[in-house]
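Visitor: need a 3D model of the following:
(one chain, ligands or ions: 1)
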Amino acid sequence: MMRRKLVAGNWKMFGSLARNEGLLNAVAAGAAGMPGVDCAVCVPFPYLAQAQQLLRGSRVAWGAQDVHQLDKGAYTGEVAAPMLCDFGCRYVIVGHSERRTLYGETSQLVAEKFAAARESGLVPILCVGETLAQRESGETETVAAEQLDAVIGLLGVQSLRDAVLAYEPVWAIGTGKTASPEQAQAVHAFIRRRVAGHDGQVARGLCILYGGSVKAANAAELFAMPDIDGGLIGGASLVADDFLAICNAGQN
Ligand code: 13P
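Guide: Okay, here's the model as predicted:
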């Protein structure tokens, strides 16, 4: 089956109202000429209103980078999924490795966040991936499986229908050291096979992004792999021309 490619930016904790304006407008303008790829940006919470204002009606969707697992309550500083819906979000990243390692998010918690996103009608982008130590000790597939199985165990495989996965090897994030297309493809194929073990149709439709030092220079060779359905882009998503070049590489 022909899966549409998605290129999503993860701005992480970068941006300002003044700086975002040019970036969002340029991305919207550039994406207008790229009907063969879906584009999105996941921005810091305070800029969701700005993204909504500047991207509404464009080909670029927007979303957040995290969400609380409950839909309301006395949780100072947290943001609930229905609030993201108020700002027109389509996507929300859950389980990014920075949240797993720096904020102690377990696979169980990530699965609950995935559930909260789904219940609100958001499309979760579930991140999985191993550290360098885990790769070197041969645990790459075990780690991806554990992170994926937490969601399947809690919600069932149907919860992955029309969801997005992102394979992001921790050692490739922000390091300039990208996984080779073959290395990434191997893990993407493993993930798709694992989902296929539950439901072949869900597996065939599943959008699996690669993330980790994707640049304009390496995007095309990554996106050419059969199980790589686009990218989750950190640093390069902060520069309009770089991000648009990656989006263009994703056009079918
Ligand atoms: P970089 O593209 O900066 O390596 O970041 C990848 C990432 O973490 C996207 O979520």
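Visitor: quick check, A64 in contact with G88.
Guide: No. A64 is beyond contact range of G88, at 11.0 Å (criterion: C-beta atoms under 8 Å). From N, CA and C alone the C-beta is placed, and that goes for glycine too.
Visitor: V41: what's it in contact with?
Guide: By C-beta atoms under 8 Å, 6 or more residues apart in numbering, the contact set of V41 is A8, G9, W11, L24, V27, A51, L55, V60, A61, W62, G63, S237.
Visitor: which of the residues you listed fall within strands?
Guide: Among the contacts of V41, the members found in strands (DSSP state E) are A8, G9, V60, A61, W62, G63.
Visitor: what residues of stretch 117-125 count as buried?
Guide: Within stretch 117-125, the residues scored as buried using 16 or more other C-beta atoms under 10 Å are A117, R118, S120, L122, V123, P124, I125.
Visitor: stretch 6-23 too?
Guide: Buried residues in stretch 6-23 (16+ other C-beta under 10 Å): L6, V7, A8, G9, N10, W11, K12, G15, N20, L23.
Visitor: per-residue pLDDT of the last one, please?
Guide: Read it as L23. L23 carries a pLDDT value of 98.
Visitor: repeat that for the third one.
Guide: Looking at A8, its pLDDT stands at 98.
Visitor: residues from the stretch 101-250 of the chain in reach of the ligand?
Guide: The stretch 101-250 of the chain has residues E168, I173, G174, G211, G212, S213, V214, L232, I233, G234, G235, A236 near the ligand, with proximity defined as C-beta under 6 Å from any ligand atom.
Visitor: which of these are buried?
Guide: Using 16+ other C-beta under 10 Å, the buried members of those are E168, I173, G211, G212, S213, V214, L232, I233, G234, G235, A236.
Visitor: counting neighbours, what do you get for the residue nearest to L24 when sequence neighbours are not counted?
Guide: Spatial nearest neighbour of L24, excluding adjacent residues (C-beta to C-beta, 6 or more residues apart in numbering): L54 at 4.3 Å. Other residues lying near L54 total 20 when counted by other C-beta atoms under 10 Å.
Visitor: go on, L165?
Guide: 26.
Visitor: contacting residues for the nearest residue to T140 once chain neighbours are set aside?
Guide: The shortest distance from T140 to any non-neighbouring residue, by C-beta to C-beta, 6+ apart, is to E130 (4.7 Å). Counting by C-beta under 8 Å, 6+ apart, E130 touches E139, T140, V143, A144, P169, V170, W171.
Visitor: now, the most widely separated pair of the residues you listed?
Guide: Largest separation among the contacts of E130 by C-beta to C-beta: A144 and W171, giving 13.8 Å.
Visitor: assumed C39 was part of a strand.
Guide: Yes. Under DSSP: H, G, I helix; E, B strand; the rest coil, C39 sits within a strand.
Visitor: list the contacts of it.
Guide: By C-beta under 8 Å, 6+ apart, the contact list for C39 reads L6, V7, A8, V27, A31, R59, V60, A61, C247.
Visitor: nice, that's everything, thank you.
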